[in-house]
Every structure is written in structure tokens, then in C-alpha cells.
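# A predicted structure for the sequence below; I have some questions about it.
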Amino acid sequence: MEINIPEVVAEVTAAFMSYEKALNTNDVAALDALFWKSPHTLRYGIGEQLYGHDQIAAFRAGRDPGFVVDRDLLKTWIVTYGRDFGTANCEFRRHGQTKIGRQSHTWMRTADGWRIVAAHVSFLGEATPMRK
């Protein structure tokens, strides 16, 4: 198995950045489309455990339509395994907050394109000042 085939890394990176744009603009339709439409899809959020695409979509549909994540990526780490599987992990900070968040995605190539099959979001404690 080849790790990090350049064109596959570019595809997963583009899919991840599409997710990031949809998240930061609360584009629920795009977010729903990026998750694999399967009962096997999983999303662990800050305060919820969602099993299957239906629960994930219902969670997003139930959010305040004005909800916007509004965050900056601090570090992104994408690794692909062969041509059909990859992971995207990032550290982020929401605007106006000091806590550092972490997000992980497992991406799979499907007939409909790259889709998230598992996701996890969590926060660390308060951020410490950066060293010079």
C-alpha cells in the first residue's frame, strides 16, 4: 500500500477544505453531503455521540440556522492510505476563545466522491501562551 500518493493527498485536502468552508458558513446541505450516507457513519461531537448519517443530519438540522463555527486552523495533518482511504486531523481555535480544539476525520472514496465515515471533535484545556 502506498502512503501519501500526491494526487490522493490533494483530493482529500480539497475535500477537507470543502468541509471547513461549509462548517464556517453553516452550509448544512454541504455538510450533510460530505458525510457518507450510511448507518455506519459516526460523529462524536463536543456534547453528542451521533451514530449513522440520519442522526448526524438531524443534529445539524436542529441547530440554530445562525450558528457559525468561525474558527482558524492552527495545524492540519492529512495522511492517505492507498487511493481510497485517508485521515484528516486538525487543531483549531474558535474566534474569541482561548481553548484549542482537535478534530479528526476518516475519509473514504465512494461512488459519490470523498466522504467522511467517522469524525471526532474535542477541546483541550485553556491554551498556554506561545513561546518565542
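Now that the structure is in, tell me what you want to look at. Residues are numbered from 1 along each chain as shown.
# all strands for the protein, in order.
In the chain, the strands defined using DSSP state E lie at 42-44, 49-51, 71-81, 85-94, 101-110, 113-123.
# in stretch 17-29, what counts as buried?
Across stretch 17-29, burial judged by 16 or more other CB atoms under 10 Å covers Ser18, Tyr19, Glu20, Ala22, Leu23, Asn26, Asp27. To be clear about C-beta, it is placed using only N, CA and C from the backbone, and glycine gets the same treatment.
# Would you mind listing the residues in contact with the residue nearest the centre of the chain?
For the chain, His105 is the residue whose C-alpha lies nearest the centre (CA atoms, centre = their mean; 5.1 Å). Applying CB atoms under 8 Å, 6 or more residues apart in numbering, one finds that His105 lies in contact with Phe16, Tyr19, Thr87, Ala88, Asn89, Ile116, Ala118, Ala119.
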